[in-house]
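Q: Please find the sequence and the predicted model below.
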Amino acid sequence: MSSVNTARHKAFRRATLLVRLIAVAAVCVLAGGAYLGIVGFPGWLERRILGRLSPRGMTLEASRIRLDHRGGLAFRDVALYRQGVVGPPFFEAARVNAALEPAALVRSDTPLWTVRGVEAVFRGEQRDRRAGDAARTALAPPPRETRDDARAGPRQTSGVRIELQAFDFWGLPLESLEGVLWRSESAVALEDINARVRGDGGGPVRGALRYTPREALLTGRLETGFDPRLALPFVRAAEVPALARVIERFRFDGPPPRFDLAFSRARGQRGGVYALEGRYWMEACAYNEVPALRVDGRLQIDATATNTVVALDPMLVVREEGIARGGLSVRYPPGEVVFHGRSGIDPDALLAMTGALKGRTTPWRCHGPAVIEAQGRVGLRPGARTAFEADMACRDVELAGYRAETAAFTLEVRGRTNRLNGVRGTLYGGAFEGDATFVRPATPTGSVRYVVSASLHDANFEPVAAVLTADAQKAVEGRLSGNIRVAGLMGAGRGRSVAGRGSLKIVRGRLFLLPLFGELSDFLTKTIPGLDFVLRQSDARADFRIAGGGVHSDKVRIEGDILSLVGAGRCGFDGALDFDVQLTFMKEHTLVARLLRTVTYPLSKLLEFRLSGTVDEPHWYPVHWPGDPGRKDGTAGQ
């Protein structure tokens, strides 16, 4: 009995000791866990942990490591450096938490770890310029899928789920980033990317990335919905300045644009070598300050540190007045835009989008529908060549205050020379045609040289007179025809450089109703009662030459059935008038008129006048009128 009790007593004591040991161990574990969770790991252990976690070719640092109450490790002030590279860390974060996922032990497609970071910065590749760059690597086609390739072969580590907040990715501000990182012997892939760009115009980013260290090749596919101008720091950090210049030309007043892109990036001798292609959709946007309701099409980019081509081809542009279809590509070097297409939008808007106007405006304004077919290239830098042709057909075109019903021409630009060939159309019921050449100066201080030839046949003179005199109240009637050829220099103070010749003819007009003849008509009708009816219907003809800052004519004829006018003189570009005028009876070419003029020659001498003043304020005075010789200061019949 005693032996049994003794055995029981020993067993009880062993059980009690075991419980106490377990309790002590539990207390130690809890205390140690509390210590590691509050104070953190000792320095020697932190170094061991960081050494085991450092990826190949990199060094991981942290100011503090402690246990995370959610079942993992918590890191403070994390920094990841490339070994052998001097400079800022490749990646850094204020806080990183790594938690173990138990489900990964039984499911191979479940990430083993979940890594959460806050206030993280990714600076991308830091090249060691002292050692030189690797040889250029040819680009692989942008992939459609990345997961299978990234996970092919024996897996070195399980997947890691990444969740980052306030993440700066190579200058691109991200509000959040989620994804799953898989690593194989040959590649690393970031899948199921779900991110959001931070800032005004921010939006979602979804897709997948794959990186092959051996070839230094990054490929991927992304769907984005944010303003690309937010990515300008990223584009500049990637050393693609030409793409940055294209992005800067856009403005988005509506929802952010959408892109569906596949891309690749390899390492070249002077930096990254990029290839990107995909589609884009934009609404309520502007390019080169030209607004559009909608722009969409296909995007392709090929870029290195020295050459960049950004192609938007095909491209659809929708504006209120019409639609344009075509394509353009921006190329650096040499710094040019190559374009082609057919457009129904405003010609000024189309030329401004291509950069052809360079901040200027065309001398014409198309108020009606226009159809343009164009192709060529426009230089964006001094010395870059410009060469393109555009066939235009417009309705309701305004030029220098005149409104043509229709107009068509071919605009040809070769370097500094602009030509308007085959100009034709209708103006106020008449037909016009012509051509023009403009040569821009080689220096900013020079003047544009021009040569213009034009002719007009049987146009309604009344609206022309309304523009010339700013007076549409009087019905001057008549039909106008004429031609002109003129050359000179454009710009203020260049009027005396203009030289040319021309002629004009007006039939069945009421020319004496023009303000220019108002003072003469008043004088004649007061002097000769009933003469106002005689002055109503008249024709006009004149040959003229342009020189010395004015228009000269040796013979201006205004012929009526009863009374005609013959004059010679000059009208300056400033409007100053200096003419000798004589009134005669009947039209010059009739036999009766010649006989009558011989008989009435003394009377005709009394009807000689001087015309002075300006076009806006003309002054007439009779030279030989008895009793009222007029005054040389330009007043008559006072």
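A: Good, I have the coordinates.
Q: give me phi/psi at the residue nearest the centre of the chain?
A: By C-alpha atoms, centre = their mean, the chain has its centre lying nearest to residue 288, at 2.1 Å. Per-residue torsions, residue 288: phi 50, psi 40 (degrees, to the nearest 10).
Q: how many neighbours does residue 255 have?
A: Counted with other C-beta atoms under 10 Å, residues neighbouring residue 255 total 15. Heads up, the C-betas are built off the backbone N, CA and C, glycines and all.
Q: if I look at it, how far off is residue 282?
A: 9 Å (C-beta to C-beta, to the nearest Å).
Q: likewise residue 500?
A: 48 Å.
Q: All the strands of the stretch 301-450 of the chain, in order from the start?
A: Counting by DSSP state E, counting those that start in this stretch, one finds strands in the stretch 301-450 of the chain at the ranges 308-319, 322-332, 336-343, 364-366, 370-379, 387-399, 402-414, 417-427, 430-439, 449-460.
Q: For residue 613, which of these is the nearest?
A: When these are compared by C-beta to C-beta, strand 402-414 sits nearest residue 613, at 25.4 Å.
Q: for that closest one, which positions count as buried?
A: 402, 404, 406, 407, 408, 409, 411, 412, 413 (16 or more other C-beta atoms under 10 Å).
Q: taking the residues you listed as a set, which two sit the farthest apart in space?
A: Maximum distance among the buried residues of strand 402-414 (C-beta to C-beta): 24.3 Å, for 402 and 413.
Q: Looks like the residue nearest to the centre of the chain contacts residue 353 (just checking).
A: Yes. Residue 288 is in contact with residue 353 according to C-beta atoms under 8 Å; the separation is 5.4 Å.
Q: The longest strand seen in the chain pairs with which strands?
A: Across the chain, the longest stretch assigned as strand under DSSP state E is strand 271-287. Strand 271-287 has the following sheet partners, assigned by DSSP bridges: strand 250-252 (antiparallel), strand 258-268 (antiparallel), strand 290-303 (antiparallel).
Q: Out of these, which is closest to residue 544?
A: strand 290-303 (41.4 Å).
Q: Report the angle between the closest one and strand 322-332.
A: 40 degrees (axes from the mean of the first three to the mean of the last three C-alpha atoms, to 10 degrees).
Q: Only the buried residues of strand 290-303, if you could.
A: Result for strand 290-303 [16+ other C-beta under 10 Å]: buried residues 290, 292, 295, 296, 297, 299, 300, 301, 302, 303.
Q: Stretch 513-529 now?
A: Those would be 513, 514, 515, 516, 517, 519, 520, 521, 523, 524, 525, for stretch 513-529 by 16+ other C-beta under 10 Å.
Q: Name the SS class of the last one, please.
A: The local conformation at residue 525, judged by DSSP: H, G, I helix; E, B strand; the rest coil, is helix.
Q: For it, give its distance to residue 459.
A: From residue 525 to residue 459 the distance is 29 Å (C-beta to C-beta).
Q: ok so, going back, what's the closest of the strands of the stretch 301-450 of the chain to residue 213?
A: When these are compared (using C-beta to C-beta), the closest one is strand 308-319, at 25.8 Å.
Q: can you list contacts of the closest one?
A: With C-beta atoms under 8 Å, 6 or more residues apart in numbering as the test, strand 308-319 has contacts from 240-243, 246, 280, 291-303, 323-332, 341, 343, 345-346, 349, 353.
Q: average pLDDT for that strand?
A: In this model, strand 308-319 has an average pLDDT of 93.
Q: repeat for stretch 543-557
A: On average, stretch 543-557 scores 94.
Q: what about residue 73, helix or strand, and which?
A: strand 72-82 (DSSP states H and E).
Q: And that strand, what's buried?
A: For strand 72-82, using 16+ other C-beta under 10 Å, the buried residues are 72, 73, 74, 75, 78, 79, 80, 81, 82.
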